[in-house]
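*Asks:* Curious how this folds, go ahead:
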Amino acid sequence: MWPLVLLWGCLLLPGYGAVLGPKEITAFEGDTVSLQCTYQEELRTHQKYWCKEKGFFLSRCSGTVYAGENGKETREDRVSIQDSPQTLTLHVTLRNLTLQDTGKYFCGVSKLGRDESFLVSLLVFPGPCCPPSPTPSFQPLTTRSLQPKAKAWQTEPPELRTSRPFTQLDSTSAEDTHLPPSSSSSMSRVSIPKIRILAPGLVLLALLLAAGLVALGSYLLRWRKEGEQK
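*Replies:* Reported below is the predicted structural model:
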């Protein structure tokens, strides 16, 4: 039983503690953050990297930045990374942080099989708001701008008085344009009673024509029958 437990622990935690670093880092939006991750002696010659954790059940790296050889600094976008084999330290710098940078990151070391890594949590808070600009400098400007406005209002009433007769002419012309519809409506009202008076006469004429056609048809039938009998 115990050998199985030890084997399971070795599979889950290979090289536990081989890489160490800060568990949590907090900063404000726009700040620059530097951190250090240390690794063991047997990982001195292995390649180091920094990446952001993605995935819920299976962790995977996103935006991986690898350290250069012989202690050269590597910079990609806002991330720079440098390996110091003499001190067994991996230096990582994050510049101009944004709220989207909040998440979990790996200080990792590539090796055959499963990589050695340490999980670092980064929390980025909104930056402080800009201080308000002073308002007393605008006060003399507002007092001076009120004086020309008062003069402008004094010159407006005579302009309104001269425009009144033009509005009266527009109203009369508008009334003239409405006269033809009133005359057409009166003509329609006169024609409607005439149609109502002539309607009964037209109906009687139609009935008389129908009766005449029926009588003519019956007479022709009788005449044919009498001719056939003779």
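*Asks:* Can you pull out the residues in contact with the helix or strand encompassing Leu35?
*Replies:* Using DSSP states H and E, Leu35 maps to strand 33-39. Strand 33-39 has contacts (CB atoms under 8 Å, 6 or more residues apart in numbering) with 18-22, 25, 27, 48, 88-94, 97, 107, 109, 116, 118, 120, 122. The C-beta positions use only the backbone N, C-alpha and C, and glycine is treated the same way.
*Asks:* And the nearest residue to Arg44 once chain neighbours are set aside, how close does it get to Ala67?
*Replies:* Among residues not flanking Arg44 along the chain, Pro85 sits closest, at 5.0 Å (CB to CB, 6 or more residues apart in numbering). From Pro85 across to Ala67, the span is 10 Å (CB to CB, to the nearest Å).
*Asks:* of those two, who's got more company?
*Replies:* Ala67 (22 against 18; other CB atoms under 10 Å).
*Asks:* I'd assumed Gln47 was in contact with that one.
*Replies:* Yes - counting by CB atoms under 8 Å, Gln47 is a contact partner of Ala67 at 6.9 Å.
*Asks:* Neighbouring strands of the host helix or strand of Ser80 in the sheet, and parallel or not?
*Replies:* According to DSSP H and E, Ser80 maps onto strand 79-84. Applying DSSP bridges, strand 79-84 is found paired with strand 74-76 (antiparallel), strand 89-94 (antiparallel).
*Asks:* Angles on the backbone of Ala206, please.
*Replies:* Ala206 adopts backbone torsions of phi -60, psi -40, taken as degrees, to the nearest 10.
*Asks:* and it, how many residues sit next to it?
*Replies:* Ala206 is flanked by 10 other residues according to other CB under 10 Å.
*Asks:* No further queries at this time; thank you.
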